[in-house]
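S.K.: Just need the structure, nothing else, for what follows:
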Amino acid sequence: MRLTGGQIVAQYLISEGMPYLFGVPGHGNTALLDAFVDHRDEINVVQAIHEQGAAHMADAYYRVARRVCGVFTSIGPGAANTAMGVANAYIDSIPLLLLTGSVHTYMRGRGVLQELERTHWANFPRMMEPVVKRWWQPSRVDQLPNVLHLAYNVMLGGRQGPAYIDFPMDLQAETAEIESLPNPVTRRASGRTHGDPELVERAAKLLCGAQRPLIIAGGGATASQAAAEIAQLAELLGAPVTVTWMGKGIIPEDHPLYAWPCGDLGSISGNTLASEADVILAVGCRFTDRTASSFRRGVTFNIPPAKLVHIDLDPYEIGKNYPVELGIVGDAKATLGDLLGSVRAFRKSASDYRNSSYFNHLTELKAQWQEALRPMREDDRAPMTISRALVELRRVLERDAIVVTGAGNPQSQVFTEFPVYGPAQHITAGGFSAMGFEVPGAIGAKLAAPNKQVAAIVGDGSFLQTVQELSMAAQYDIPVLFVVMNNFGWECIKNLQSTQFGPDRIIATNFKKPDGTPFSANLADIAKGFGCFGERVDQPADVGAAVGRALDSGRPGVVELLCSRELPYSGLTATGWWDVTVPAYHREKRAKYEAARSEEALT
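M.R.: As a prediction, the model looks like this:
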């Protein structure tokens, strides 16, 4: 059969079951998009307002539905606009397929409109190289079938992530004789990678002999869909479970063995148990500075003397930040399944953990954490605390609701304070903490789970970075809830400035007029301008009713909550440490900072 490059792409993506293509059209991809006109009933081509938003939509859709989506853009600026969204997906190991228009092969190096060619012709892929697993720039139409199936293999194989095809305009329109398109089933590895059996058995012995075992679950556990195995192993061992940002939701957060998060934003229970553990089982966890309190010894982890068993699909992560007793390369679900079998061989029945002193210790620490949160959660002041707002929101949302966060205090406080009860209920910009993720991310999540409540929980600064996607949500009648914590500025960073340098060192973080008065657009009114539901709330007791009205509207809804702008009410409760540097001229503060930094164990 004779097909254009655009037809090859359309038919192959349909054969892979791609549900959505998100993007923005331009002269560089018109021939590609034309091929999808004849397949409108087989794949959804959806307009985003900004290419960054398109990438975030595809990213969040995969996290919820586990189905790869595509992102389409024109050449040049449109392609460049995807960098933020693709980078966010790459850091969090989320697959998506980026398709950008590119200069005609026969005009490369001529400096045509929007070409980057001063150091190498058609050179845009070099900008994306650090944030994709692999990229292709085909030069013939007949290369496309092979390129497409390889792109899928790269995205879905091993540690997942984005793939990128820079698609010349002439190839989109010209034809080649194609015998058949690759069959995805016959061109892709199947099954899961199991850890080495001998190492798994040694890990089981180590865990069964531990007095204070702890499980820390990260994004690799979530990606592998290992929730059942995590819970079963925790119950078998009587081991508390703590989580990273990407691991939140792997265990129901009302499970008696859930320890709440550890790290610089961590809880009393999570950090205390992590520092006291004698054996730690890390599953799909990178041990970043946020998870490990910038590696300051004893604040979160004491490795060594604690013995670390680290399971990860990517060997690069094992031993990167902490030495391991056992490093096991393998898929989380498969390897945990094997580990469960080995543990059961040593321990014939589940631990009677509820009657153990270790469980009592966990329960006491969790009660201390809840008590530490209580003052901000119960505060009646207006503007309200974010903690109180989250309490009111949790009361209204259904148990299986999906929450989407991106950056700042809303992200941090949802992580440490807001309970979720299952995998894919907490969608967040983890390693990149990308501002602007929340609005398009929530749209993508809602498209992936149309029958569930989806709520973006977002600060005003991050909301404003991608607010234009409200137009897309209204255009397509996507009933997403956007809860905006409006504190008139970059409050998270302002709090850092105040605590690290002093309250008189605030700069470039407040939104204010030249005369010093606080400034904010009325974000609820902006929502109404897009055709969405909008309501501004200043009293914490009114949050639940406003959220209920937004959900009942059947439209995209923005509930704008006026939040405190003054410490301590604008801050969060945390027990860890984060290495935020202090200038040398702040002598006393610098001395304290250096004393803390000297305790970092960078091995």
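S.K.: in stretch 530-541, what counts as buried?
M.R.: By neighbour count, with 16 or more other Cβ atoms under 10 Å as the criterion, the buried positions of stretch 530-541 are 530, 532-537, 540. Just so you know, the C-beta spots here come from the backbone N, C-alpha and C atoms, and that holds for glycine as well.
S.K.: did I read that right, residue 215 in a helix?
M.R.: No: counting by DSSP: H, G, I helix; E, B strand; the rest coil, residue 215 falls outside a helix, being strand.
S.K.: Test my guess that it contacts residue 233.
M.R.: Yes: Residue 215 is in contact with residue 233 according to Cβ atoms under 8 Å; the separation is 6.8 Å.
S.K.: For those two, indicate the residue with more neighbours.
M.R.: Under the neighbour definition other Cβ atoms under 10 Å, residue 215 and residue 233 were set side by side, and residue 215 has more, 30 against 24.
S.K.: Quick one: residues contacting that one.
M.R.: 230, 233-234, 237, 239-242, 280-281, 283 (Cβ atoms under 8 Å, 6 or more residues apart in numbering).
S.K.: coming back round to it: could you name every residue contacting both of residue 215 and residue 233?
M.R.: Common neighbours of residue 215 and residue 233, using Cβ under 8 Å, 6+ apart, are 239, 281.
S.K.: For PyMOL, what selects the buried ones among the contacts of residue 215?
M.R.: The PyMOL command for the buried members of these (criterion: 16+ other Cβ under 10 Å) is given here:
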select buried, resi 230+233+234+237+239+240+241+242+280+281+283
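S.K.: Go through the contacts of residue 215 and name the one nearest residue 224.
M.R.: Taking Cβ to Cβ as the measure, residue 224 sits nearest to residue 283 out of the contacts of residue 215, at 8.4 Å.
S.K.: Look up the closest residue to that closest one, ignoring the ones flanking it.
M.R.: residue 221 (4.5 Å; Cβ to Cβ, 6 or more residues apart in numbering).
S.K.: in which helix or strand would I find the one you found?
M.R.: Assigned by DSSP states H and E, residue 221 falls within helix 219-223.
S.K.: Kindly report the same for residue 500.
M.R.: For residue 500, the secondary-structure element it belongs to, assigned by DSSP H and E, is helix 491-501.
S.K.: buried ones in the helix or strand following that helix?
M.R.: For helix 491-501, the succeeding helix or strand toward the C-terminus, using DSSP H and E, is helix 523-529. Taking 16+ other Cβ under 10 Å as the basis for neighbour counts, the residues of helix 523-529 that come out buried are 523-524, 526-527.
S.K.: Averaged pLDDT, helix 523-529. What do you get?
M.R.: Averaging pLDDT along helix 523-529 yields 97.
S.K.: do stretch 459-475 as well
M.R.: When the per-residue pLDDT values of stretch 459-475 are averaged, the result is 97.
S.K.: Would you mind putting the CA coordinates of it into PDB?
M.R.: The C-alpha trace of stretch 459-475 is given here as PDB (Å, rounded to 0.1, in the frame of the first residue of the first chain):
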ATOM      1  CA  GLY A 459      -1.300  28.200  44.200                       C
ATOM      2  CA  ASP A 460      -2.200  31.500  42.500                       C
ATOM      3  CA  GLY A 461       1.300  31.800  41.000                       C
ATOM      4  CA  SER A 462       1.300  28.400  39.400                       C
ATOM      5  CA  PHE A 463      -2.400  28.800  38.300                       C
ATOM      6  CA  LEU A 464      -1.500  31.900  36.400                       C
ATOM      7  CA  GLN A 465       1.200  30.100  34.400                       C
ATOM      8  CA  THR A 466      -1.200  27.900  32.600                       C
ATOM      9  CA  VAL A 467      -4.600  29.600  33.300                       C
ATOM     10  CA  GLN A 468      -5.200  29.700  29.500                       C
ATOM     11  CA  GLU A 469      -6.100  26.000  29.600                       C
ATOM     12  CA  LEU A 470      -9.400  26.900  31.300                       C
ATOM     13  CA  SER A 471     -10.400  27.900  27.800                       C
ATOM     14  CA  MET A 472      -9.700  24.400  26.600                       C
ATOM     15  CA  ALA A 473     -11.600  22.800  29.500                       C
ATOM     16  CA  ALA A 474     -14.600  25.100  28.800                       C
ATOM     17  CA  GLN A 475     -14.400  24.400  25.100                       C
END
